[in-house]
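Colleague: Turn this into a structure:
(one chain, ligands or ions: 1)
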Amino acid sequence: MYDFLISITMPEKKIKQALVEAANVSAKEKILDFGCGTGTLTIMIKEFQPEANVAGIDVDVKILNKAIEKSEDKGLDIFLIDYDGTHLPFQDNRFHKILSCLVFHHLDTTKKKIILAEIFRVVSNNGKLYIADFGRSKSWLQRTLFNIIRGLDGFKPTDANAKGLLPELISEAGFANVTINKSFKTMFGEVQIISAEKYNLINN
Ligand SMILES: C[S@@+](CC[C@H](N)C(=O)[O-])C[C@H]1O[C@@H](n2cnc3c(N)ncnc32)[C@H](O)[C@@H]1O
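Modeller: Numbering: from 1, shown residues only. Okay, here's the model as predicted:
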């Protein structure tokens with residue numbers, strides 16, 4: 001149902017494709033899809049680079065079971081795991097790249113900060129973060145349309161998105177070169193593709 005609804009209301013494939021293109025995953029890289037849901041993006045990453053080591057994580061076991069079913073149907077070797085929603089069950093510096101699509105507007109600002117700190121911890125030095133999520137649009141219409149999602153998903157979790165603060169929160173977590181690379185106008189407001197880098201001054 002989620003897959004169907006999102007496919008008719010959003011340029012979902014284009015947004016996920018833009019994330020995959022931005023990440024440009026290489027063979028042997030370790031990749032995490034944060035908040036992977038039913039695994040659509042996770043599968044796209046693995047299909048883009050079958051030699052990569054791809055994992056997806058989510059808090060919702062039911063949704064995750066759907067992702068497992070989809071990846072097994074395609075015969076793909078993807079590691080899918082649930083967790084407590086706060087502490088990522090991975091060692092420091094584990095992943096070369098972390099991607100995330102339409103997850104952060106579900107997290108209130110305090111949770112966004114906790115999760116971004118966790119993501120910063122588990123991404124490797126010189127590793128990259130790619131997020132697609134709602135941001136503050138220059139267009140009045142797009143800002144107004146985002147209120148539909150805010151009404152549905154809650155005003156608290158979407159607050160930093162509506163104010164355009166997600167890039168700032170990413171920087172505050174320690175990431176450098178935080179950039180909005182692309183944006184998509186949708187029926188529910190503007191979705192932005194943000195990239196960032198964990199730049200270790202000591203090693204560079
Ligand atoms: C709108 S769906 C997007 C799913 C997927 N990324 C996609 O684009 O198809 C949001 C997802 O975020 C997950 N989520 C919510 N809070 C989370 C958290 N703290 N950590 C990880 N995932 C979370 C939900 O369970 C849900 O699967």
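Colleague: which residues does the closest residue to the ligand within the chain contact?
Modeller: Proximity of the chain to the ligand (CB to the nearest ligand atom) peaks at Gly37, 2.5 Å away. Heads up, the C-betas are built off the backbone N, CA and C, glycines and all. Contacts for Gly37 were tallied using CB atoms under 8 Å, 6 or more residues apart in numbering; they are Tyr2, Asp58, Asp60, Ile63, Ala67, Cys101.
Colleague: what about it, which helix or strand?
Modeller: In this assignment (DSSP states H and E), Gly37 forms part of neither any helix nor any strand.
Colleague: tell me the phi and psi of it?
Modeller: With angles defined as degrees, to the nearest 10, Gly37 sits at phi 60, psi -130.
Colleague: before we move on, what about Leu107?
Modeller: Here is the backbone geometry of Leu107 (degrees, to the nearest 10): phi -110, psi 130.
Colleague: How about the one 3 residues further on?
Modeller: Backbone geometry at Thr110, expressed as degrees, to the nearest 10, gives phi -60, psi -40.
Colleague: phi, psi of Glu47?
Modeller: phi -70, psi -30.
Colleague: separation between it and Ser137?
Modeller: Separation of Glu47 from Ser137 (CB to CB, to the nearest Å): 31 Å.
Colleague: Compare neighbour counts for these two and give me the winner.
Modeller: Ser137 (21 against 12; other CB atoms under 10 Å).
Colleague: shouldn't the more buried one be in contact with Asn161?
Modeller: No: if you go by CB atoms under 8 Å, Ser137 and Asn161 don't touch, sitting 10.5 Å apart.
Colleague: Please enumerate the helices of the protein.
Modeller: 2-9, 12-23, 40-48, 61-73, 109-122, 140-153, 155-162, 166-172 (DSSP state H).
Colleague: Tell me the residues of this protein that contact the ligand?
Modeller: Residues of the chain found near the ligand (CB under 6 Å from any ligand atom) are 35-37, 40-41, 58-60, 63, 85, 101-103, 106-107.
Colleague: hmm, which of the residues you listed are the buried ones?
Modeller: Gly35, Cys36, Gly37, Thr40, Leu41, Asp58, Ile63, Cys101, Leu102, Val103, His106, Leu107 (16 or more other CB atoms under 10 Å).
Colleague: and the two most separated of those residues?
Modeller: By the measure CB to CB, Thr40 and Leu107 form the most distant pair in those, at 19.7 Å.
Colleague: Neighbours of the nearest residue to Ala160 once chain neighbours are set aside, how many?
Modeller: Leaving aside its sequence neighbours, Ala160 sits nearest to Thr109 (CB to CB, 6 or more residues apart in numbering; 4.9 Å). By other CB under 10 Å, 16 other residues sit near Thr109.
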